[in-house]
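Peer 1: Sharing a sequence plus its predicted fold:
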Amino acid sequence: MIETELPANIQYLLIAFQIIATIGFLFIIWPYVRKERWREKFIENKSARSILIVFVIIFAFTYGMAGFFDAFFPVERLDVAPK
């Protein structure tokens, strides 16, 4: 379904539901996140820190590759409507 097939008010309602769900999720998990000892788990632990560094490098690589292909090989839109 293309987003133009829905009326604008339904699109705004769906976006509002997503924002409310995100805020509700953060409200529910915040006490658990706050009481964890993140520095001991991820920064001081050498193997966990190296895994985090690898994840950041992979993310930067994929983001860079996507930017490269978007810049140099853009998607061509085909006009399929009869003239």
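Peer 2: Yep, it's here. Numbering: from 1, shown residues only.
Peer 1: Could you look up the SS state of residue 9?
Peer 2: The three-state assignment at residue 9 reads helix, by DSSP: H, G, I helix; E, B strand; the rest coil.
Peer 1: burial measure for it, as a count.
Peer 2: For residue 9, the tally of surrounding residues (other Cβ atoms under 10 Å) stands at 8. Heads up, the C-betas are built off the backbone N, CA and C, glycines and all.
Peer 1: Give me the distance between it and residue 40.
Peer 2: Look at residue 9 and residue 40: by Cβ to Cβ, to the nearest Å, they are 49 Å apart.
Peer 1: Residue 30 too?
Peer 2: If you go by Cβ to Cβ, the gap between residue 30 and residue 40 works out to 20 Å.
Peer 1: ok, then the element right after the helix or strand bottoming out on mean pLDDT in the chain?
Peer 2: Least confident helix or strand of the chain, by mean pLDDT, DSSP states H and E, is helix 38 with a mean of 81. Towards the C-terminus, the helix or strand next in line after helix 38, according to DSSP states H and E, is helix 46-72.
Peer 1: buried ones in that following helix?
Peer 2: Judged by neighbour count using 16 or more other Cβ atoms under 10 Å, helix 46-72 contains no buried positions.
Peer 1: Per-residue pLDDT of residue 71, please?
Peer 2: Looking at residue 71, its pLDDT stands at 92.
Peer 1: should've said residue 28
Peer 2: In the predicted model, residue 28 carries a pLDDT score of 95.
Peer 1: ok, it - how many residues close by?
Peer 2: Applying the criterion other Cβ under 10 Å, we find 9 residues in the vicinity of residue 28.
Peer 1: if I look at it, how far off is residue 48?
Peer 2: Using Cβ to Cβ, which is the criterion applied here, residue 28 is 25 Å from residue 48.
Peer 1: cool, residue 6 as well?
Peer 2: Separation of residue 6 from residue 48 (Cβ to Cβ) stands at 43 Å.
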